[in-house]
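In: fold the stuff below for me.
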Amino acid sequence: MTLALDISFRDFPYSKAIEDAVVKQANSLGSVQLEIARCRVKLIQLPRQQLHIPSFRVHIDVMTRHQRHLSGHASSDDALLALRDAFKDVEFVLRSEMVREQSSAIMEAKGGI
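Out: A predicted model of the protein is given here:
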C-alpha cells in the first residue's frame, strides 16, 4: 500500500533511520484500515534545558477517506520509543473506529434497537 505520508522534523536532526522507521510503521497502518488518505508525522526535539519532561515528542495526524481526522501522540527520552508509542496510539484509535463503524452497520442492518 502506498500511503500519502508527510514527515517533518522540528528542532530534530534529520535521521534516515528515523525516517525509515516512520515509513515502515505508517505502512503497517494499512493492515488496520485501508481507508487512510493521509498520514502526517511530526517529530519534535525539545530543548535540553527542560530536563523534567521527555526530550522527544511525536505527533501523528491521520485523515481517512471519509474525512475523519484521527491523531495520536507520545513523548519519551528515546525518539524511536516515542515513535512506536505514537503509532500504537493511532492504531488503537483506528481499530476503535473500525469497531464503531461495524457496530453501526450491524445496528442499521437489524433495523436499530
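
In: next one: Asp77 from Ile18, what distance?
Out: 15 Å (Cβ to Cβ, to the nearest Å). Every residue, glycine included, has its C-beta placed from N, CA and C.

In: neighbour count for those two, which is higher?
Out: A direct count of neighbours by other Cβ atoms under 10 Å for Asp77 and Ile18 places Ile18 higher, at 20 against 10.

In: which other helices and strands contact the helix or strand hosting that one?
Out: Under the criterion of DSSP states H and E, Ile18 resides in helix 16-28. Packed against helix 16-28, as judged by 3 or more Cβ pairs under 8 Å, 6 or more residues apart in numbering; DSSP states H and E, are the following elements: strand 5-10, strand 36-45, helix 79-109.

In: and the ones you listed, which is most packed in?
Out: strand 36-45 (a mean of 19; mean count of other Cβ atoms under 10 Å).

In: where does the chain have low pLDDT?
Out: Low-confidence segments of the chain (pLDDT under 70): 1-2, 30-34, 48-52, 112-113.

In: could you redo the last one with a cut-off of 50?
Out: Within the chain, the ranges that satisfy pLDDT under 50 run 1.

In: report how many residues lie close to the nearest residue to Pro47 once chain neighbours are set aside.
Out: Of all residues not flanking Pro47 in the chain, Asp11 sits nearest, at 7.5 Å (Cβ to Cβ, 6 or more residues apart in numbering). Asp11 sits with 9 neighbouring residues when counted by other Cβ under 10 Å.
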